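Enquirer: sequence below, structure please.
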Amino acid sequence: QVQPVESGGGLVQVGGSLRLSCVDSGRTRHSYDMGWFRQAPGKEREFVAAILWSGSMTWYADSVKGRFTVSRDNAKKTVYLQMNSLKPEDTAVYYCAAGAIRTGSEASEYDYWGQGTQVTVSS
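Expert: Numbering: from 1, shown residues only. Predicted coordinates for the structure are as follows:
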């Protein structure tokens, strides 16, 4: 069983940075493809970034390209989302998810979800 647990959210000013972490607290030794999604109040959940289980490929939403970087450390069962040059529109609850992806950008491709961590960007 995969149990993603996110951390690292918080309040940051415009232009600041945060690094989110997602640890698989489950017992599985299998490395899954991982994705980050976010959901702002009153909006649908949207894709942010994804990374293959090997780390060899990554994908990003156009809105975060050049500002966010997804990476992973399989020995630590942890995936990271480095967020730089944050904007007020990045404010949302950020979720990590695990699965065997095809495109990486569809929530339906992921089987296991964390509870989310709040990111608030103040102007």
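
Enquirer: for the nearest residue to V70 once chain neighbours are set aside, name its beta-bridge partners.
Expert: Among residues not flanking V70 along the chain, A49 sits closest, at 4.1 Å (C-beta to C-beta, 6 or more residues apart in numbering). The C-beta positions use only the backbone N, C-alpha and C, and glycine is treated the same way. As for beta bridges, A49 partners with W36, Y60 under DSSP bridges.

Enquirer: quick one, what contacts A49?
Expert: G35, W36, T58, W59, Y60, A61, V64, F68, T69, V70, L81 (C-beta atoms under 8 Å, 6 or more residues apart in numbering).

Enquirer: now do the helices in this structure.
Expert: In the chain, no segments count as helices under DSSP state H.

Enquirer: low-confidence regions, it specifically.
Expert: Along the chain, the model assigns pLDDT under 70 to no residue.

Enquirer: measure the most centrally placed residue in it to S123 for me?
Expert: Central residue of the chain (C-alpha atoms, centre = their mean): W36, 2.6 Å from the mean position. As judged by C-beta to C-beta, to the nearest Å, W36 and S123 stand 23 Å apart.

Enquirer: next one: P4
Expert: Separation of P4 from S123 (C-beta to C-beta): 30 Å.

Enquirer: same question, L52
Expert: L52 is 35 Å from S123, by C-beta to C-beta.

Enquirer: more neighbours, these two?
Expert: L52 (16 against 8; other C-beta atoms under 10 Å).

Enquirer: surely the residue nearest to the centre of the chain meets S21?
Expert: No. Counting by C-beta atoms under 8 Å, W36 sits too far from S21 to count as a contact (10.9 Å).

Enquirer: between those two, which contacts overlap?
Expert: Joint contacts of W36 and S21 (C-beta under 8 Å, 6+ apart) are V79.

Enquirer: am I right that S85 is in contact with R67?
Expert: Yes. Under the criterion of C-beta under 8 Å, S85 makes contact with R67 at 4.7 Å.

Enquirer: where's stretch 112-123 relative to the chain centroid, distance-wise?
Expert: The chain centroid and the centroid of stretch 112-123 are separated by 9 Å, computed with C-alpha atoms, centre = their mean, to the nearest Å.
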